[in-house]
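Asks: any chance you can model this:
(one chain, ligands or ions: 1)
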Amino acid sequence: MTLSLTSTAKTYPDGTRALMPTDLDIPQGEIVSLLGPSGCGKSTLLRIIAGLEKPDEGARLLFDNEDFTHLPVEQRKIGMVFQSYALFPNMSVRGNIGYGLKMQKLAKSEINTRVDEVIALCQLEPYATRPINALSGGQRQRVALARAFAPRPRLLLLDEPLSALDAALRGQLRDELAQLLRSFGITAIFVTHDQDEAMAIADRVAVMSHGKIAQIGTPEALYRAPESEFVARFIGAAMPLGRHIETDTLHFETGSLTLPAPATDKLAFVRAEDVRLDDNSPLRAKVISVTFMGTHYRIALQGLAPEPVFALHAALNAPKVGDTVGVSIDPAAILMLPNEKKAA
Ligand code: ADP
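Replies: Take a look at the predicted model:
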């Protein structure tokens, strides 16, 4: 395993337990995203790996079996890309990329070779002599990546690199970033609170909650087989369904659904894309809101659970608020998850 963390935890001096003892293994070339709501410990974990934060006693951090737990930041050979990019605005693209190499006192010819190499890799040739403040957001991102990559780090850490950009640009740069990281072939850890971003960029996503990795897996595995209510709600906004379950039957006021398997101590969840409006279904619900989203209508329904249940309705027209509609849900699409309140 290229990067291997064991029992890595962090308690801040004020007593805040930002990170519970965490194990994480990442093979060479894998891109892992740390995903979770604000305050769940993502940056703390990233900063410990970078060497900017000291873990609690008992942590062990290995890179290719070499222990780097106590190695100072500058000896870790780790590249970092921050939210702000922290580029020198008046300096040229070349100057920014070469800056760290100059600090390392590399020979001028070596610096030039490496700068040329990453400029080509990041397709920055036309802008090489331009100052940073004459570049677009996307071009700046590429310079920040090129600069982090130029010293040939063995690991790249990215802390919310897209969060300072506006929504339209974020979507576009997300795919570009995913492609660039793959073309580098580098092992990378990417922190974000944005589910779409994590899923678009990472090979595996570690979903974090309250200082712990709640679940780690490929985007598909997390989406299709979440192990907890937290992960199901965070990835793809799963909604609780039904008022009560009796062995293998989910009961509603107007009907019932047979579950794929008997469920003891479990709760049923469903995603909006699996809730269909269906005139022929005996299961009824009341429309409480209708929002036109362009590709579909998002319809809030009352009567399927204590909370409103949303349906995505791809059609040219939608029912009206107050209408009673038939609803069908494929039992195979229902997620059965541990009842955390009962377990706690
Ligand atoms: P995230 O990156 O997921 O938003 P952080 O790792 O920044 O979360 O923070 C995790 C928890 O640790 C939060 O409760 C935060 O307030 C706390 N925290 C972060 N830095 C410090 C610090 N220097 N001192 C005390 N508490 C901190």
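Asks: and the helix or strand harbouring Q139, C-alpha only, in PDB?
Replies: In the assignment (DSSP states H and E), Q139 maps to helix 137-149. In PDB, the C-alpha atoms belonging to helix 137-149 read as follows (Å, rounded to 0.1, in the frame of the first residue of the first chain):
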ATOM      1  CA  GLY A 137     -10.000  31.000 -12.900                       C
ATOM      2  CA  GLY A 138      -9.500  27.700 -14.800                       C
ATOM      3  CA  GLN A 139      -6.000  28.700 -16.000                       C
ATOM      4  CA  ARG A 140      -5.100  29.700 -12.400                       C
ATOM      5  CA  GLN A 141      -6.200  26.300 -11.200                       C
ATOM      6  CA  ARG A 142      -3.900  24.600 -13.800                       C
ATOM      7  CA  VAL A 143      -1.000  26.800 -12.600                       C
ATOM      8  CA  ALA A 144      -1.600  25.900  -9.000                       C
ATOM      9  CA  LEU A 145      -1.600  22.200 -10.000                       C
ATOM     10  CA  ALA A 146       1.500  22.500 -12.100                       C
ATOM     11  CA  ARG A 147       3.300  24.300  -9.300                       C
ATOM     12  CA  ALA A 148       2.400  21.600  -6.800                       C
ATOM     13  CA  PHE A 149       3.400  18.900  -9.300                       C
END
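Asks: on the C-terminal side of it, identify the next helix or strand.
Replies: Trace forward from helix 137-149 with DSSP H and E and the next one is strand 155-159.
Asks: which parts of the helix holding Q139 count as buried, going by neighbours?
Replies: Neighbour counts over helix 137-149 (16 or more other CB atoms under 10 Å) mark 139-149 as buried. All C-beta spots, glycine's among them, are computed from the backbone N, C-alpha and C.
Asks: now swap in stretch 323-337 and tell me
Replies: Buried residues in stretch 323-337, counted by 16+ other CB under 10 Å: 325-329, 334-337.
Asks: distance between the ends of it?
Replies: Stretch 323-337 has its terminal residues 31 Å apart, counting by CA to CA, to the nearest Å.
Asks: touching that stretch from outside, list them.
Replies: 226-229, 232, 238, 241, 250, 257-261, 263, 266-271, 274-287, 301, 304, 311, 319 (CB atoms under 8 Å, 6 or more residues apart in numbering).
Asks: which of those are buried?
Replies: Using 16+ other CB under 10 Å, the buried ones in the contacts of stretch 323-337 are 226-227, 229, 232, 238, 241, 250, 257, 259, 263, 266-271, 274-277, 281, 283-287, 301, 304, 311, 319.
Asks: taking those residues one by one, which sit in helices?
Replies: Applying DSSP state H to those, the entries found in helices are 229, 232.
Asks: over to V309: give its phi and psi.
Replies: phi -110, psi 130 (degrees, to the nearest 10).
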